[in-house]
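Trainee: Quick one, structure for this:
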Amino acid sequence: MKRSKKTLRVFALLFGIIGILVTLIFGIIGFRYFLVYNNREISYARIMEINHKEGYTVVRYTTNEQSYNRKLRMIDSSWYESGYITVIYDKNNPNKSFIKNQAITALSLTIVGIVFSIIGFIAYMMLRSYNKRKNYLLKKGKKIEAKIEKVSINNAIHFKGKNPYQIELSYTENGKEYTFIHKELWFDVNKVIEDNNLKTIEVCVDKKDYNNYYINLGKYGKNTNKNKNVKKRK
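Mentor: Numbering: from 1, shown residues only. Alright, predicted model coming up:
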């Protein structure tokens, strides 16, 4: 919450990239399992070794009088040495095999990767869009001085044991009164008001739509985030 928008955009982008990498890695693994499954044969494999320290299990299965060892990078609590598990192998190449748990894990992580990618890139685009809107309003928006009506604590938002400040401003033009609200100020806005002896605060508004605005507290030495929830009263 306290990080700059640029830093948050970087984190969102990295989040999305990590999601793509997870999707690609486990998607490829899952696809390989799918190829094996299309030419599947089933065998009971004997558990030869369970290495808890390094996290793998070695199984052995036999087909056409030939034995194959398979090292599984997983351990199940129900497995025990000399026990048996079901192995699915490629009848054209019995050395290629997997168990259902591996396929389920690969599918689950692929889905997780897709979700990470979507969340990361949506967050990145939202932050990028916000930054473009902010810059547009700062450069080309109409600058007005809105009266400070109220500063309060926003109890609806909670982060790391803290609640942000909320500020409400009002402005009247041509008999219409507008209310501008900033709901997430992660610094003591009262101190900014007191230090600068403020009665009004600059708001950059879209000339065609006052619902699109930016409360410019940055000019007083602090950066702010989301500005929304405008109300218009006649």
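
Trainee: Now the element after the lengthiest helix in the chain, going C-ward?
Mentor: Counting by DSSP state H, the longest helix found in the chain is helix 100-140. Per DSSP states H and E, the first helix or strand lying C-terminal to helix 100-140 is strand 142-153.

Trainee: other SSEs contacting the longest helix of the chain?
Mentor: Other helices and strands packing on helix 100-140, by 3 or more CB pairs under 8 Å, 6 or more residues apart in numbering; DSSP states H and E, are helix 5-38, strand 200-206, strand 209-215. The way it works is simple: take the backbone N, C-alpha and C, and place the C-beta from them, glycine included.

Trainee: Switch these over to CSV; also include mean neighbour count.
Mentor: Conversion of these to CSV gives the following (neighbours: other CB atoms under 10 Å):
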stretch, mean neighbour count
helix 5-38, 16
strand 200-206, 20
strand 209-215, 19
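
Trainee: Can you flag the weakest of these by average pLDDT?
Mentor: Note on the helices and strands packed on helix 100-140: helix 5-38 shows the lowest mean pLDDT, a mean of 85.

Trainee: ok, then the element right after that one?
Mentor: Counting by DSSP H and E, what follows helix 5-38 is strand 40-51.

Trainee: Just put the helices and strands packed on helix 100-140 in JSON lines and tack on distance to residue 172.
Mentor: Listed next are those as JSON lines, based on distance: least, CB to CB, whole Å:
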{"stretch": "helix 5-38", "distance to residue 172": "31"}
{"stretch": "strand 200-206", "distance to residue 172": "12"}
{"stretch": "strand 209-215", "distance to residue 172": "12"}
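
Trainee: of those, which approaches residue 177 most closely?
Mentor: Residue 177 sits nearest to strand 209-215 of all the helices and strands packed on helix 100-140, at 10.8 Å, using CB to CB.

Trainee: which other residues reach the closest one?
Mentor: 133-134, 137-138, 141, 146, 167, 169, 178, 180, 182, 201-206, 224, 227, 230, 232 (CB atoms under 8 Å, 6 or more residues apart in numbering).

Trainee: just the angle between the longest helix of the chain and helix 5-38, please?
Mentor: The directions of helix 100-140 and helix 5-38 differ by 150 degrees, with axes from the mean of the first three to the mean of the last three CA atoms, to 10 degrees as the criterion.

Trainee: Which pLDDT value does the model give the residue sitting furthest away from the middle of the chain?
Mentor: In the chain, the residue that sits farthest from the middle, by CA atoms, centre = their mean, is residue 65; the gap is 51.0 Å. Residue 65 is assigned 86 on the pLDDT scale.
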